[in-house]
Structures are given as C-alpha cells and as structure tokens.
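# Need coordinates for the following:
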Amino acid sequence: MLLLTVAVNDVNASKIVFASEFATLWLSKEPLNAKESGPGIMQKSEVYK
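Numbering: from 1, shown residues only. I've put the predicted structure just below:
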C-alpha cells in the first residue's frame, strides 16, 4: 500500500477521496517548469499510442 500526502483545496480533496474509494488514481511527476493547463478528455486510442 502507498501512503501519499497532497496539499490541495477542499474541492480537490473530496475528488481524491471519491476516486480512491470508487475508482483508480493515477499519479504522475511533473517538472517544476510545467505549464498549468486545464485537463483534456482523452480516448483510450490516444492514451495507448
């Protein structure tokens, strides 16, 4: 089991808790100079290229 601490607001914390209870969480590491952008919707065919 992996224990992870994140610093997020209450809205995002509730999304994380819901996902950990009823779905799957995917973690990724971003570089410090990564650009902030909104999440996009991806299809399976795009993910598995």
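
# Just the C-alpha atoms of the helix or strand of the chain with the lowest mean pLDDT, please, in PDB.
The least trusted helix or strand in the chain, going by mean pLDDT, DSSP states H and E, turns out to be helix 44-47, with a mean of 78. Provided in PDB are the C-alpha atoms of helix 44-47 (Å, rounded to 0.1, in the frame of the first residue of the first chain):
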ATOM      1  CA  LYS A  44      -8.200   5.100 -25.000                       C
ATOM      2  CA  SER A  45      -6.800   5.200 -28.500                       C
ATOM      3  CA  GLU A  46      -4.900   8.300 -27.700                       C
ATOM      4  CA  VAL A  47      -3.500   7.000 -24.400                       C
END
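
# from the chain's centre, how far out does it sit?
When distances are taken as CA atoms, centre = their mean, to the nearest Å, helix 44-47 is centred 17 Å away from the chain's centroid.

# elements contacting that helix?
Using 3 or more CB pairs under 8 Å, 6 or more residues apart in numbering; DSSP states H and E as the contact test, no helix or strand touches helix 44-47. The way it works is simple: take the backbone N, C-alpha and C, and place the C-beta from them, glycine included.

# what ranges do the helices span in the protein?
10-22, 44-47 (DSSP state H).

# what's the most buried one of the ones you listed?
Among the helices of the chain, ranked by average contacts under mean count of other CB atoms under 10 Å, first place goes to helix 10-22 (a mean of 10).

# what's next to that helix, contact-wise?
6, 8, 25 (CB atoms under 8 Å, 6 or more residues apart in numbering).

# Reformat these into a markdown table and put distance to residue 37 and pLDDT next to each item.
Shown next, in a markdown table, are the contacts of helix 10-22 (distance: CB to CB, whole Å; pLDDT from 0 to 100):
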| residue | distance to residue 37 | pLDDT |
| --- | --- | --- |
| 6 | 19 | 87 |
| 8 | 17 | 89 |
| 25 | 20 | 79 |
